[in-house]
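Chemist: build me a model from this:
(chains A, B, C and D)
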Number of protein chains: 2
Amino acid sequence: MTDPEKLYKLIWLSRPLMQSAEAAVEHGLDGIGLTVRGRAVLEVLLTEDEATVPDIAQKLEIKRQYVQLMVNETLTDGLTLKRENPRHKRSALIALTQKGRALIEDVVRREMVLVRSVGVGLDTADIKTALKVITTLTENLKKAIGNG
Amino acid sequence: MTDPEKLYKLIWLSRPLMQSAEAAVEHGLDGIGLTVRGRAVLEVLLTEDEATVPDIAQKLEIKRQYVQLMVNETLTDGLTLKRENPRHKRSALIALTQKGRALIEDVVRREMVLVRSVGVGLDTADIKTALKVITTLTENLKKAIGNG
DNA sequence: CCATATTGACATTATAAACGTCAATATGAC
DNA sequence: GTCATATTGACGTTTATAATGTCAATATGG
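Modeler: Model (predicted):
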């Protein structure tokens, strides 16, 4: 049996966690010349290697029109470039430039240093458990909304 | 020792969790005649019984000027009322009306039903662990930003 | 009593994102 | 190949959430 009170608390802790996490990211981005939304695009491309704008939108779970703006910024800044898309002539594949890759890798590296420091005192097994709980919870919530 | 990769994943899961949770709340608010920000105020007052606008702002960790708007809405809708504040004559205490209390209690009750259903399959001990991990993580992140 | 702080009210701005729509062009079924 | 349908990029509008700035009123505390 689950304890609904604790579960309720846990769910609402997601907001403060997210806010501090994003504040930390913003902090780390200070003076680097990369915006938060630019970072989001680059991070997707770090794992995806190349993707169309709609692909990225799906990954980020936001609308393609907004991603378009994000991507255009990174193109302007020379952090990404367009590659011919064999599957769709109008929709180019977006990929990291050398500059973009160096930048996002540096950003992520620094973030990992921070993560390491905030993780002091936490047990690996507990983190694994938390990861499982949060994942399950998120999936179940999505399903619950989807249905009714 | 902690596993920074897993920890990193866990931190970024806070966003999808929060989004589905808030989507669920919005869903539950549909047709009730209560806005998301109205709900936030009422929920604070459910645990605080009475509070000034600046008090609520501190609880919600947002600016008092914005909370003022939120509170004014609930006052207009007859969900909250002003009480004389012995500690400050200009800053009234805000408290739930019968109507407001009934409404927020009903909303929370329904949310608990949903929480119960999405918690199926999760172990109480695991939830407790997750709660501890997330709490620690959030605190540490806040500290880390605060300092350097 | 008076300097200082708090509060409410209001206006402006920022950010993240949704929504609507158009024209261009691709794609896929025939 | 042609044509109906879908996809995409571009652009404009709108919404929600919140921060910021500022003023006047009024409280509070030394």
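Chemist: dump the residue contacts of A:Arg15.
Modeler: Residues near A:Arg15 by CB atoms under 8 Å, 6 or more residues apart in numbering or on different chains: B:14, B:18, B:21. Heads up, the C-betas are built off the backbone N, CA and C, glycines and all.
Chemist: which element is the nearest residue to A:Ala92 once chain neighbours are set aside on?
Modeler: Of all residues not flanking A:Ala92 in the chain, A:Lys82 sits nearest, at 3.8 Å (CB to CB, 6 or more residues apart in numbering or on different chains). Assigned by DSSP states H and E, A:Lys82 belongs to strand A:80-83.
Chemist: same for that strand, what does it pack against?
Modeler: Strand A:80-83 sits against helix A:36-48, helix A:64-76, strand A:93-96, with contacts defined as 3 or more CB pairs under 8 Å, 6 or more residues apart in numbering or on different chains; DSSP states H and E.
Chemist: change it to 10 Å
Modeler: In terms of contacts (3 or more CB pairs under 10 Å, 6 or more residues apart in numbering or on different chains; DSSP states H and E), strand A:80-83 is packed against helix A:36-48, strand A:50-51, helix A:64-76, strand A:93-96, helix A:98-118.
Chemist: out of the ones you listed, deepest packed?
Modeler: Comparing these by mean neighbour count (mean count of other CB atoms under 10 Å in any protein chain shown), strand A:93-96 comes out on top with a mean of 21.
Chemist: anything in it near DNA strand D?
Modeler: No. Taking CB under 7 Å from any atom of the strand as the criterion, strand A:93-96 and DNA strand D are apart, separated by no less than 7.9 Å.
Chemist: quick one: neighbours of A:Ala125, just the number.
Modeler: Neighbour count of A:Ala125, defined by other CB atoms under 10 Å in any protein chain shown: 10.
Chemist: who touches it in this structure?
Modeler: Listed by CB atoms under 10 Å, 6 or more residues apart in numbering or on different chains, the contact partners of A:Ala125 are B:3, B:129.
Chemist: can you confirm it is in a helix?
Modeler: Yes. Residue state for A:Ala125 (DSSP: H, G, I helix; E, B strand; the rest coil) corresponds to a helix.
Chemist: tilt between the biggest helix by length in chain A and helix A:98-118?
Modeler: The longest helix of chain A (DSSP state H) is helix A:4-29. Per axes from the mean of the first three to the mean of the last three CA atoms, to 10 degrees, the angle that helix A:4-29 makes with helix A:98-118 is 130 degrees.
Chemist: anything in helix A:4-29 near DNA strand D?
Modeler: No. Counting by CB under 7 Å from any atom of the strand, DNA strand D is not contacted by helix A:4-29; separation bottoms out at 7.9 Å.
Chemist: what about A:Arg90, how many residues close to it?
Modeler: 6.
Chemist: check A:Leu131 too.
Modeler: Neighbour tally, A:Leu131, other CB under 10 Å: 18.
Chemist: list the buried residues in the particular helix or strand that has it in it.
Modeler: Assigning secondary structure by DSSP H and E places A:Leu131 in helix A:124-147. Judged by neighbour count using 16 or more other CB atoms under 10 Å in any protein chain shown, the buried positions of helix A:124-147 are A:126-127, A:129-134, A:136-138, A:140-142, A:144-145.
Chemist: mean confidence score for stretch A:105-118?
Modeler: Averaging pLDDT along stretch A:105-118 gives 94.
Chemist: give me every residue that touches the spatially most central residue of chain A.
Modeler: In chain A, the C-alpha nearest the mean C-alpha coordinate belongs to A:Ala40, at 5.4 Å (CA atoms, centre = their mean). Contact analysis of A:Ala40 by CB under 10 Å, 6+ apart lists A:25, A:56, A:59-60, A:62, A:67, A:70, A:74.
Chemist: show me the shaky parts of chain A.
Modeler: Per-residue confidence for chain A (pLDDT under 70) gives these ranges: A:1, A:147-148.
Chemist: spell out which residues of it are next to DNA strand D.
Modeler: By CB under 7 Å from any atom of the strand, the part of chain A that sits against DNA strand D consists of A:52-54, A:64-65, A:68, A:72, A:88, A:90-92.
Chemist: with respect to A:Leu7, which of those is nearest?
Modeler: A:Arg64 (34.2 Å; CB to CB).
Chemist: how close does the closest one get to A:Pro54?
Modeler: Using CB to CB, to the nearest Å, A:Arg64 is found at 5 Å from A:Pro54.
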